[in-house]
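> got a predicted structure here, sequence first:
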Amino acid sequence: MDKLSVAGLLLGLAGIVGGQLLEGGSVSILFQGAAFLIVFGGTLGAVMLQNPLKIFLTGIQMGRWAFVTPQLAAQKLVYQITGWGSLARKDGLLALEPQISLSRDPFVKKGLQLLVDGNSAEKIREVLEVEIRSYEQLRWQSARVWESAAGYSPTIGIIGAVLGLVHVMQSLGEPSKLGEGIAVAFISTIYGVGLANLVFLPIAGKLKVLIARQVMVREMLVDGLTAIASGENPRFIENKLQGYLPNLS
C-alpha cells in the first residue's frame, strides 16, 4: 500500500470538508447522489467512447497502482544478471538455459532465450527494444484514460449544475426552496472539478512515473543481457547496472 497516496487523498478531502465546516456550511449538503451519478456516469461514458476496449480496461486495472505500487525488485535483478554473467563466462551461454524456466516474467524469458540461442548483442537489443516500445506505448495510452477522465469530469459537472438549475427554475413558486436548490445544483460542479484534480489527474501522473520506472528496469535488463552476449566481465556488468538503481529506489 502506498501510504503517501492514501495520505494525500485523505488530506485533500479533509481540506475540502474542513473548509466547508469553517465557512459554517453543512457537510451533509456535499453528499448528493444525483450529482455524483451525473458526473461519474457521464465521465465514465465519455471515457469509454474515446478509448478502445483493451486500453480502457488496462487503464482501469492500472489505476490501483497509485495505491498498491508494483514491486520492481531492481536490486535483485542486478544480482541475477551478474550471476548469469558469471555462469556464462564460466560454463558458456548454454548453461543459462535452465534459468529460462525459473523466471516468471515473459520479457526475461524471451531475453534469456535469445541469449542462449547465441544471438549477437545487437540482435538481442533490436528484438527486446521492440518489446519495450510496445509495452510502453500500451501503458502510456492506458494512463491517458485517467487524463481524459480529468478533462471530461469538470464539463460533465457543469452539465449537472445546469440540470439542477433547470429543476430550480421549475420550483420558482416556492421561494423558500430556491437557495437550497441552487446550492445543491452546484454540487455537481464541485464533484466534477474535485474528481478531476483530487483523483483523476494525480492517478494519471503517478502512473506515468511508475511506467517510466518499469521501462527503465527493462532497459537495464537489455543492457545486462547484451553485456553478457558481448562477453563482458561480470563485475563490470554489475557496476554498470548499479547506475540504474538510484532512479528505481
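It's in. Source: prediction; values computed, not measured.
> next, the buried residues of the helix or strand bottoming out on mean pLDDT in the chain.
One helix or strand of the chain scores below all others by mean pLDDT, DSSP states H and E: helix 178-195, with a mean of 81. For helix 178-195, burial by neighbour count (16 or more other Cβ atoms under 10 Å) applies to 181, 184-195. Where you see a C-beta, it was placed from the backbone N, CA and C, and this is true even at glycine.
> can you get me a residue count around I16?
14 (other Cβ atoms under 10 Å).
> contacting residues around it?
L30, G194 (Cβ atoms under 8 Å, 6 or more residues apart in numbering).
> how much space separates it from N51?
29 Å (Cβ to Cβ, to the nearest Å).
> so who does A14 touch?
With Cβ under 8 Å, 6+ apart, A14 has no contacts at all.
> can you pull up the most central residue in the chain?
Of all residues in the chain, the one closest to the mean position by Cα atoms, centre = their mean is L207, 2.4 Å from it.
> before we move on, what SS does that one have?
Put simply, L207 is helix when judged by DSSP: H, G, I helix; E, B strand; the rest coil.
> what about the longest helix in this structure?
helix 121-169 (DSSP state H).
> could you pull up the residues touching S148?
A46, V47, Q50, N51.
> shaky segments in this protein?
Residue ranges of the chain with pLDDT under 70: 171-181.
> quick revisit: what packs against the least confident helix or strand of the chain?
Packing partners of helix 178-195 (3 or more Cβ pairs under 8 Å, 6 or more residues apart in numbering; DSSP states H and E): helix 33-50, helix 121-169.
> list the buried ones in the next helix or strand after the shortest one?
In other words, helix 33-50. Scanning forward in sequence from helix 33-50 by DSSP states H and E, the next helix or strand is helix 53-62. Buried residues in helix 53-62, counting neighbours by 16+ other Cβ under 10 Å, are found at I55, F56, T58, G59, M62.
> which one of the residues you listed is nearest I124?
Taking Cβ to Cβ as the measure, I124 lies nearest T58 of the buried residues of helix 53-62, at 27.1 Å.
> how many other residues sit next to the residue nearest to the closest one when sequence neighbours are not counted?
Take T58 and drop its neighbours on the chain: the residue closest to it by Cβ to Cβ, 6 or more residues apart in numbering is S142, 4.1 Å away. Neighbours of S142 under the rule other Cβ under 10 Å: 23.
> just checking, S142 touches M62?
Yes. Judged on Cβ atoms under 8 Å, S142 makes contact with M62 at a distance of 5.5 Å.
> which residues do these two both contact?
Residues touching both S142 and M62 by Cβ under 8 Å, 6+ apart: L207.
> domain assignment for the chain?
1-28, 32-249 (automatic domain parsing).
> measure the last one end to end?
Think domain 32-249. 42 Å (Cα to Cα, to the nearest Å).
> before we move on, the earlier item: N233: which of the helices and strands packed on helix 178-195 is closest?
helix 121-169 (14.7 Å).
> next, the angle from the closest one to helix 33-50.
With axes from the mean of the first three to the mean of the last three Cα atoms, to 10 degrees applied, the angle from helix 121-169 to helix 33-50 works out at 140 degrees.
> what's the offset of helix 121-169 from the middle of its chain?
Distance, stretch centre to chain centre, for helix 121-169: 10 Å (Cα atoms, centre = their mean, to the nearest Å).
> was I right about W65 contacting A204?
No. If you go by Cβ under 8 Å, W65 and A204 don't touch, sitting 11.1 Å apart.
> sorry, back to before: export the helices and strands packed on helix 178-195 to JSON lines and tack on distance to G224?
Converted to JSON lines, these look like this (distance: least, Cβ to Cβ, whole Å):
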{"stretch": "helix 33-50", "distance to G224": "38"}
{"stretch": "helix 121-169", "distance to G224": "10"}
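> quick revisit: check the offset of the least confident helix or strand of the chain from the chain's centre.
With Cα atoms, centre = their mean, you get 30 Å for helix 178-195.
> what does that helix contact?
Residues outside helix 178-195 that contact it (Cβ under 8 Å, 6+ apart): 16, 29-30, 32, 35-36, 38-40, 43, 149-150, 153-165, 167-168, 171-172.
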